[in-house]
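Engineer: model the following, please.
(4 chains)
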There are 4 protein chains.
Amino acid sequence: MVDAGAAIRNADMAMQFLSDNAAPVHPAVWQAMHAADPPDVPYDGDALTGRLDAAFSELFGRDCEVLWVSTGTAANCIALATMVPPHGAAVCHREAHIQTSEGCAPGFFTRGARLILAEGEGGKLSPATIAETIDPIRRDVHGVRPQAISITQATEAGRVYSPAEVAALGEYARAEGLRLHMDGARFANAVAHLGCAPGAISCDAGVDALSFGFVKNGGFGAEAVVFFDRALAEHARIIHKAAGQLQSKGRYLAAQWLAMLADGLWLENARAANRAAALIAQGAGDRLLQPVEGNQVFLRLTAVERERLRAAGFGFYDWGEGGRFVTAWDSDPADCEALARAIASL
Amino acid sequence: MVDAGAAIRNADMAMQFLSDNAAPVHPAVWQAMHAADPPDVPYDGDALTGRLDAAFSELFGRDCEVLWVSTGTAANCIALATMVPPHGAAVCHREAHIQTSEGCAPGFFTRGARLILAEGEGGKLSPATIAETIDPIRRDVHGVRPQAISITQATEAGRVYSPAEVAALGEYARAEGLRLHMDGARFANAVAHLGCAPGAISCDAGVDALSFGFVKNGGFGAEAVVFFDRALAEHARIIHKAAGQLQSKGRYLAAQWLAMLADGLWLENARAANRAAALIAQGAGDRLLQPVEGNQVFLRLTAVERERLRAAGFGFYDWGEGGRFVTAWDSDPADCEALARAIASL
Amino acid sequence: MVDAGAAIRNADMAMQFLSDNAAPVHPAVWQAMHAADPPDVPYDGDALTGRLDAAFSELFGRDCEVLWVSTGTAANCIALATMVPPHGAAVCHREAHIQTSEGCAPGFFTRGARLILAEGEGGKLSPATIAETIDPIRRDVHGVRPQAISITQATEAGRVYSPAEVAALGEYARAEGLRLHMDGARFANAVAHLGCAPGAISCDAGVDALSFGFVKNGGFGAEAVVFFDRALAEHARIIHKAAGQLQSKGRYLAAQWLAMLADGLWLENARAANRAAALIAQGAGDRLLQPVEGNQVFLRLTAVERERLRAAGFGFYDWGEGGRFVTAWDSDPADCEALARAIASL
Amino acid sequence: MVDAGAAIRNADMAMQFLSDNAAPVHPAVWQAMHAADPPDVPYDGDALTGRLDAAFSELFGRDCEVLWVSTGTAANCIALATMVPPHGAAVCHREAHIQTSEGCAPGFFTRGARLILAEGEGGKLSPATIAETIDPIRRDVHGVRPQAISITQATEAGRVYSPAEVAALGEYARAEGLRLHMDGARFANAVAHLGCAPGAISCDAGVDALSFGFVKNGGFGAEAVVFFDRALAEHARIIHKAAGQLQSKGRYLAAQWLAMLADGLWLENARAANRAAALIAQGAGDRLLQPVEGNQVFLRLTAVERERLRAAGFGFYDWGEGGRFVTAWDSDPADCEALARAIASL
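Structural biologist: Predicted coordinates for the structure are as follows:
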């Protein structure tokens, strides 16, 4: 097998902390894909795909139904489209990925629904901030009422909803007749941070559908949408096909997931990424713009300081008046420590 | 590397001639994917994706712009959506894949446009059959006029449009103010059959956008949409993102294509599949429902005969009152000859 | 009040048999509109609109819910959109108005659904012709299955479904899990022809929603969609608003309908139109392309014959190799007899 | 003719200041509708509709193209749909009617586009508030950039953009490559307030399309969309049909408009409404929440005060912590003075 560790070490240094989106595929995932070579029934009729529901149901301790998709955008928007009719809306945070970074996909998948933007510290929504936003909306055909809430775990600001926070949203959603979707592009990092069961911040807390991120965590082209309500899943399969997401060789996507779930690789990878972020944070002191609760570190840095870090070989994106540093499953602790020292010595 | 040949030999025999959709990934493609492990800019900003336009432009002898997508449905429907507004229509054959087998994707990607169904022997459209269908349509707002024609190469009946036939359609399309799209899920097989330059049945013949199939030909999750008109490509990029097709690790898709185009692997694989189909056809005699012009063999078979073939271990789908046998890049000639003998002895 | 009879007599003769779409507003309808001048709650909150459900429920002998809309296209497409999801389809006749003459409205209102075209003599569908068309469609996500059937009463060929024919379709629809919509642009003419109760060819025969035409029958800008299933009506109200059909002075539309239903004016007007068509048909002999069952007469006429009729002052549209003559509530019997004589003497 | 003045005097007093939406049809408009009774070519092919473009072009001193529609929602959303593709967006004020009160129509007509909400005192946008909102949006496929700005004249807070304010927005729009739409549900009231030429706050100031309100100003079911760019109008005609807005007896809508434009009735009616609002404002003192610049008066009123006014027979809607009083062309000055006195004596 390819030595992915070697691969990253050979890569352009400047890629390191740009995004977990850029990380290589994990060797165990490659191995599983190769093992899927023998032909099987096309689309989602293969034996590997057939094992996914059971594998995820075991992980979450609850019956669920799973679809593989090629991107997080597809995962989020398929989930939303099962919850929100074309004439409806979903509430999300003003900084939510579905609002800022998924182009027109939400309107495309829902065929016209609206995103209603609410506020909240650290990228987190709460029943109070949602109510403040949606309570004034007219309840007749002249207004557009939401049918769903979408939250991001971990948030776009790198923060993690606790089980109690999710449960409060779940309870609010049920009371208001709303569905609850979780964009879990970094769900694994959140679970690793909390040390809780995966279900504690999802199905047990009232989440109806979860976009379970895998690509940032060692996979390639294989995210999952997990439906804890099978009524939604049936609709999802239609949208899945409609959006050209039903791949003919689905066994290669299912294989990735099965490898990831086996022996807890998904959690191990997330823990590695979180540890790497913690190493960086050690040098940050009061530069930290947000508590580090996953694999993202947001730092207050002047333009000059950012320039100095980049000149020293560290790659990262600007984030407002600072910088965002993202670690991944393969981040080299030595690199992180070097970055921490460089920050401390600014 | 995994020996894909070994893989298929171990597979359930009954998979053999069901569909080229089920074939394994070619070893050279695996190799290229592994080599893409080093991190690079996410989405389509990586160096490998950056080389695609040039590689395809060289292949077609004409400037073109290329997007990778995960499925043929996405390829076809993104192309259509660049050509057809929500209030418009595309003409296709009554048996076209976009009509019969892509679910509601055409209406989804175009956000409401219509497919207008025309006739034609062997799954082929001609200017005459198109005109017969669209000439009666009202030319005011009360009618829905087409803006594009979509043809399949090779067709759903396994037939291949000659360069002259495509050129006639291209000329008709220009005269009528219509765009021309080619669903080339088996474009490689058509080129292999004709022995012509790829451009002779596409850009040189008036095709504006080509869905260039790769998954059936040895890849995985990586089809291409080739735009010979860059104005369409710009629009395509938006729809590409809208449909959740813009993968974050695009380099793994680009790598597959570059491996496929290098040294003509795409053509070599298609030739192998076509040769395999020809071997099957040898035993078919007057059972052939269509001339074999690619990698599909359609045979007249009674229910009892189909049962006997299956009992002998041959896998295939029913096709009306007969059966469809599809070969792939990895079809074992010995299997094909065994099948030919079995058919001849029915 | 204006004398509408005088109005039409003064009009350009050439308008006479072009379309019932062009007829004037009936004096009783004008009167009712004037009487609606006193301000009332905007949109559909006024007292007149509030009386519509009861008025229609009495007419049909069944509880129903009614929305006024400005056009037949809106009526048909709102009804369809309540029955057919964006990923679905409706079956209609190849010559149905929604297919040939409502532009892209069906795809617009349904946000992407498909029309599946079936055949049938005289513009009529039957369970057999529908089954022939939809039975071959795949029943998985790769195919687009219908959720509704839409029939036109009277048909585009001027034919009328009998109560038994509608009931057979209603039974088939229920058995197949399909909804049944009736485009009743000339529903009044059909009832007048059959001499049956309105419910006998609608709700009692399994119709779920009826586009009840009024504009061709003496109104202006006020069609009705009648829902015999209130679950559909709730959805309809949202689409009604979405399409900009919820007028602020709804009382002027409701007033028209109440005037039309009072004392059976709707039926009286339709009978007058049907009688006028019968007068024309008297001179037609074997020129009749279709039996005359309402207010449309389709005649076999050569181009020269059409020219001679027009030279004699008769206005009508070409219809294939013949002509279509449409009468309305205000057609002058003397004009019809003159036309009959002119035809007989060709 | 009916005496509309008598009609309103007989109406329930409580309707008076609820909304200009509820006012009766003006006698001159009724007269013109009656005169349109003689049959003419259906849809928009009649002679009266044929005169609209010229009539509006004369009014605006600029070549324009006009469509009648049945509602302001249809007018606004057709205009937006010509400017904004399904993957795009329009910027509007957080309190804009298209955002708060037109249901899901914007997403419906545009087939998925987004409204981007900006701020501004008195319901008014400015280049600065728009820039603040849209400048941070990503300029690649991951962000949704606007293609149009929509402003309301007079605004939802009853305020009027001056010619210079509109021109500044027009200049900004051109510089940013954006179209400019004006929701002129109360355009007539704005012109009456400013005493300017209609073009000075529309086409001459960079407005590309104007929803010209008529229903609130004495018409019924007949709003206009005025396109100062014919390229937009062509697209508009398709959407017009798609949304079921192309009425078959268009002559009755055109007749209303021609009556309204003749002799400046539209301006006379608006002036009457504005004068009525000014009468109310006389008693308001420092209760005025907004300067009165048209026919809307927003007052600070406690719940008890609102109750007292209603007990005295005055009808109006709550508006946040106050009340909104709307006058119309037919408001009785005596009623307005009575209201002013009642307010003053609270």
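
Engineer: pull up the residues of the stretch 101-250 of chain A that are close to chain D.
Structural biologist: A:101-104, A:107-108, A:110-115, A:117, A:137-138, A:141-144 (C-beta under 8 Å from any C-beta of the partner chain). Placement of C-beta: from N, CA and C, glycine included.

Engineer: let's see which of the residues you listed end up in helices.
Structural biologist: Of those, the ones assigned to helices by DSSP state H are A:107-108, A:110.

Engineer: so who does the most centrally placed residue in chain A touch?
Structural biologist: Taking C-alpha atoms, centre = their mean, the centroid of chain A lies closest to residue A:185, which sits 0.7 Å from it. Contact partners of residue A:185, counting by C-beta atoms under 8 Å, 6 or more residues apart in numbering or on different chains, are A:72, A:97, A:152, A:211, A:213, A:216.

Engineer: can you redo the ones in helices among the residues of the stretch 101-250 of chain A next to chain D as CSV with pLDDT and neighbour count?
Structural biologist: Shown next, in CSV, are those (pLDDT from 0 to 100; neighbours: other C-beta atoms under 10 Å in any protein chain shown):
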residue, pLDDT, neighbour count
A:107, 97, 28
A:108, 97, 27
A:110, 97, 30
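
Engineer: the helices in the stretch 1-150 of chain A, which residues?
Structural biologist: For the stretch 1-150 of chain A, the helices defined by DSSP state H, counting those that start in this stretch occupy A:4-10, A:27-35, A:47-50, A:52-60, A:72-83, A:97-100, A:105-110, A:127-134.

Engineer: just the residues of the stretch 51-200 of chain A that are near chain C, which are they?
Structural biologist: Near chain C, when you scan the stretch 51-200 of chain A using C-beta under 8 Å from any C-beta, you find A:86-87, A:111-112, A:141-142.

Engineer: pull the most distant pair out of those residues.
Structural biologist: Spatial extent of these (C-beta to C-beta) is set by the pair A:111 and A:142 at 20.4 Å.

Engineer: same drill for those two, tell me which one is more crowded.
Structural biologist: For residue A:111 versus residue A:142, the count of surrounding residues by other C-beta atoms under 10 Å in any protein chain shown is larger for residue A:111: 28 against 17.

Engineer: now do the more buried one against residue D:107, distance only.
Structural biologist: 8 Å (C-beta to C-beta, to the nearest Å).

Engineer: who touches both of those two?
Structural biologist: residue A:86.

Engineer: residues contacting the closest residue to chain B within the stretch 101-250 of chain A?
Structural biologist: For the stretch 101-250 of chain A, the nearest residue to chain B under the criterion C-beta to the nearest C-beta is residue A:244, separated by 2.8 Å. Applying C-beta under 8 Å, 6+ apart, we find residue A:244 in contact with B:69-75, B:77-78, B:102, B:105, B:109, B:243, B:245.

Engineer: let me have the residues you listed in a markdown table, adding distance to residue B:38 as columns.
Structural biologist: Below are those laid out as a markdown table (distance: C-beta to C-beta, whole Å):
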| residue | distance to residue B:38 |
| --- | --- |
| B:69 | 24 |
| B:70 | 22 |
| B:71 | 27 |
| B:72 | 29 |
| B:73 | 31 |
| B:74 | 27 |
| B:75 | 28 |
| B:77 | 33 |
| B:78 | 29 |
| B:102 | 36 |
| B:105 | 35 |
| B:109 | 34 |
| B:243 | 28 |
| B:245 | 24 |
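
Engineer: where exactly do the helices run in the stretch 151-300 of chain A?
Structural biologist: Under DSSP H, counting those that start in this stretch, the stretch 151-300 of chain A gives helices at A:163-176, A:187-194, A:230-242, A:251-261, A:265-281.

Engineer: adding mean neighbour count and mean pLDDT as columns, could you present those in TSV?
Structural biologist: Conversion of the helices of the stretch 151-300 of chain A to TSV gives the following (neighbours: other C-beta atoms under 10 Å in any protein chain shown; pLDDT from 0 to 100):
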stretch	mean neighbour count	mean pLDDT
helix A:163-176	18	98
helix A:187-194	26	98
helix A:230-242	20	96
helix A:251-261	25	97
helix A:265-281	23	98
